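*Asks:* From the sequence below, what's the structure:
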Amino acid sequence: MMKYLLLLLLAFLCSCATDTEPTESATSATDTTATATPAEDPALAALGEEDRNRLLEYGIDIYKGIPQGLRVGETAPIFKANDHTGKELFLPDLYKKQPVVMVFYRGVWCPACNQYLSALQDSLKYIKNAGAMLVAISPESVEKVKETVDSTDASFSVISDPNGYVMSAYGLSFHVTKEYQQMVNDKLGVDIATNNITEDAKLPVPATYIIGTDGKIKYVYFHPDYHQRATVKEIVEELKKLK
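*Replies:* Now for the predicted structure:
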């Protein structure tokens with residue numbers, strides 16, 4: 001896994017030159033909360049100063065853990081949650097019927113997230129025609145999720161994950177730096193922790209997973225830069241491979 005993380009980070013750096021109910025799988029995910037030093041964390045030690053600064057720019061407190069995501073072929077952690085309409089979703093019930101496209105986003109306050117969710121909604125028919133279901137997950141509160149749905153016209157299920165069970169289980173959760181929190185507060189008037197109704201400000205890497213009908217992860221798009229997202233074309237092409 002560490003080798004996989006380093007490859008992800010290397011690819012990233014080169015390219016730059018509502019509440020959920022956790023299951024046993026979800027609660028077993030590691031939540032990296034201890035402050036690390038380069039000597040203690042091999043992944044951190046492998047990064048040069050410029051590389052570290054770039055990750056810090058995206059709000060990732062690398063000294064409290066670097067998110068690494070899950071890899072293709074791993075079993076998708078299962079969870080039960082209510083979407084924005086109050087409908088209960090149990091992941092195995094979803095993927096036994098069709099592949100599930102799962103996207104993570106940061107919150108209604110994030111312009112890049114709103115733009116991406118709107119784009120997904122505009123092209124939702126292509127994902128459905130490929131035989132899949134789309135689900136979006138955010139650490140923001142139920143009320144904020146409903147605001148996101150209203151602002152993006154999302155007709156797919158959107159889940160509130162304020163306790164971070166799901167984003168942690170999928171290896172996406174990270175502590176937000178104080179500097180980034182202050183920047184978001186100053187520019188957008190948003191306190192991330194308050195928006196997520198938690199004491200500690202955490203966000204997910206806005207990754208995309210495709211889960212097959214066997215419960216295995218078939219596709220991963222993981223990029224620390226929140227401007228970088230899987231395109232609908234890429235998602236549909238991956239879904240076609242599952243037929």
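
*Asks:* Tell me how many other residues crowd residue 128.
*Replies:* The tally of other residues near residue 128 (other CB atoms under 10 Å) stands at 13. Glycine gets a C-beta too; all of them are placed from N, C-alpha and C.

*Asks:* Ignore what I typed, I meant residue 133.
*Replies:* 18.

*Asks:* Same question for residue 96.
*Replies:* Using other CB under 10 Å, residue 96 has 12 neighbouring residues.

*Asks:* quick one: it and residue 214, what's the gap?
*Replies:* Distance of residue 96 to residue 214, computed by CB to CB, to the nearest Å: 9 Å.

*Asks:* just residue 177 next, same as before
*Replies:* As judged by CB to CB, residue 177 and residue 214 stand 38 Å apart.

*Asks:* before we move on, what about residue 237?
*Replies:* From residue 237 to residue 214 the distance is 20 Å (CB to CB).

*Asks:* what do you get for residue 235?
*Replies:* Applying CB to CB to residue 235 and residue 214 gives a distance of 19 Å.

*Asks:* again, but for residue 95
*Replies:* According to CB to CB, residue 95 and residue 214 sit 8 Å apart.

*Asks:* Comparing these two, which shows the higher neighbour count?
*Replies:* Per other CB under 10 Å, whichever of residue 95 and residue 214 has more neighbours is residue 95, with 21 against 12.

*Asks:* Chain neighbours aside, what residue packs nearest to the more buried one?
*Replies:* residue 211 (5.0 Å; CB to CB, 6 or more residues apart in numbering).

*Asks:* So what pairs up with the one you found in the strands?
*Replies:* Judged by DSSP bridges, the bridge partners of residue 211 are residue 100, residue 217.

*Asks:* Next: residue 137.
*Replies:* Under the criterion used (DSSP bridges), residue 137 bridges to residue 104, residue 159.
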